[in-house]
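I need the structure of the sequence given here:
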Amino acid sequence: MCEDLSLAHEITFIAGPSYHVGERARRLWTRERMGRVTIIRTWGTRLPKQRLPLRLTNLATYFALATIAAMRLERPDIIVAETDPPLLGALGAILKRRWQCRLVYNVRDLYPDIAHAIGGVKNPLLLSLLERGNRLAFDRADRVVVIGHDMRARVLAKGVPEDRTVVVPDWVDCERIRPLASNPFRAQFGDKFVVMYSGNLGLSQQLDTVLQAAEILRDDQRIVFALIGEGANKKALMQHAAARALVNIMFMPYQPKDKLAESLGAADLHLIPLAPGTAGCLVPSKIYAILAAGRPFVAMMDETAEVARIAREEAVGFVIRPGDARALASAIGDAIDRPEILRQMGARARRVAVDRFDRHKVTREFDAMLTRVAVGPA
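Numbering: from 1, shown residues only. Alright, predicted model coming up:
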């Protein structure tokens, strides 16, 4: 996003330490350039994220150093505050008051709604802090950007004025991820029908439902389940599969980013699970890459969720209730018997990705929104 915006704007990005780079920063913050974008990277703890206190420590060190780094900058025209860590919107509101500039609150995950929905945070003081911080951001923001219509409905219900709320979806680079005529990654599955989950194997992804569906379909030799990724729940899932002797499940590590078109394109059917009650709190970003790869999917979520809406309105996937293993097994069984329907869904999926969610189209939408904020009334 910043790379595209930097063609028309001067962008400074305040980032935390990378979890994917082994080298640790030796200073509180460093300044680097990526193309035309200036990156100020703060030092911070990189404690294991599986336990909440350690995760909060990581977020707190970033928040504190990002605050100091931001205070040292010259006055910007617009602040864009993300929602991770959850209180960055409050920091954006404070900086807006300091600089008397514009604020765009870019909501990727809706707090504290998501914490309530998945039960990840139960401390009432922490929940109250999240509520107050986000209320401050909503009240002070010149524009609240959300990534789905279900999220917009939740934000409007919080009292944010309609004219200050806009939907700008996440995006995918349709040049980098596209259907492949020849796919070497697919070869390892032979002639099996590949049902794939690709992403975080965490505690809130409803992946136990996938294992239950695999158990229901264990006698169908045509099907293999591929679970690609890492996460806090991977070990338990592997132990569960081994205990049930589910030989129709393959666990695989994250694939290299430059191989994403191959790994996603290897699936006949993707799975996109979302916990009950989380519709409007987040939009699984994997949907856009799956569409770009030209593959159909099963949306395992509430019917009001954005991904379920895309599946229905664009006819690119199936929708089932979250946690319903028998419905999932039935959907997979129906899909394997209708290859032409799946092919048509895949072709439509690619068109939807190019027409609505391609990188340059979405970043232009974001750019136009920033321009309207910059020149609009205070």
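
any idea how far residue 339 is from residue 262?
21 Å (Cβ to Cβ, to the nearest Å). Placement of C-beta: from N, CA and C, glycine included.

Who has more neighbours out of those two?
Neighbour count, other Cβ atoms under 10 Å: between residue 339 and residue 262, residue 262 has more, with 18 against 11.

how many neighbours does residue 156 have?
With other Cβ under 10 Å as criterion, residue 156 counts 15.

Contacts only, for it.
Residue 156 makes contact with 162, 165 under the criterion Cβ atoms under 8 Å, 6 or more residues apart in numbering.

what helix or strand does it sit in?
helix 149-157 (DSSP states H and E).

how far out from the middle of the chain is that helix?
Remark: helix 149-157 is offset 17 Å from the chain centroid, using Cα atoms, centre = their mean, to the nearest Å.

Also stretch 28-42?
24 Å.

Need the CA coordinates for it. CSV is fine.
Provided in CSV are the C-alpha atoms of stretch 28-42 (Å, rounded to 0.1, in the frame of the first residue of the first chain):
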residue,chain,number,x,y,z
LEU,A,28,15.7,2.1,20.0
TRP,A,29,14.8,2.9,16.4
THR,A,30,16.4,2.9,13.0
ARG,A,31,15.6,4.7,9.8
GLU,A,32,15.6,3.0,6.4
ARG,A,33,14.3,3.4,2.9
MET,A,34,12.2,1.0,0.8
GLY,A,35,11.9,2.6,-2.6
ARG,A,36,10.3,6.0,-1.9
VAL,A,37,9.0,5.1,1.5
THR,A,38,10.7,6.1,4.7
ILE,A,39,10.5,3.4,7.4
ILE,A,40,11.2,4.1,11.1
ARG,A,41,11.7,0.7,12.7
THR,A,42,11.5,0.6,16.5
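
which residues touch it?
Contacts of stretch 28-42 (Cβ under 8 Å, 6+ apart): 2-3, 6-7, 10-18, 25, 43, 61-62, 65-66, 68-69.

hey, where'd the strands end up in the stretch 151-300 of the chain?
Remark: strands assigned in the stretch 151-300 of the chain by DSSP state E, counting those that start in this stretch are 165-167, 193-198, 223-228, 249-252, 269-273, 297-300.

for those, which one ends up most surrounded?
With neighbours defined as mean count of other Cβ atoms under 10 Å, those peak in mean count at strand 297-300, which reaches a mean of 28.

helices or strands next to that strand in the packing?
Applying 3 or more Cβ pairs under 8 Å, 6 or more residues apart in numbering; DSSP states H and E, we find strand 297-300 packed against strand 269-273, helix 306-314, strand 317-320, helix 325-336.

Do I have it right that residue 180 meets residue 266?
No: counting by Cβ atoms under 8 Å, residue 180 sits too far from residue 266 to count as a contact (9.1 Å).

Packing partners of the longest helix along the chain?
As assigned by DSSP state H, the longest helix anywhere in the chain is helix 52-71. Counting contacts by 3+ Cβ pairs under 8 Å, 6+ apart, helix 52-71 is packed against strand 12-15, strand 29-34, strand 37-42, helix 88-99.
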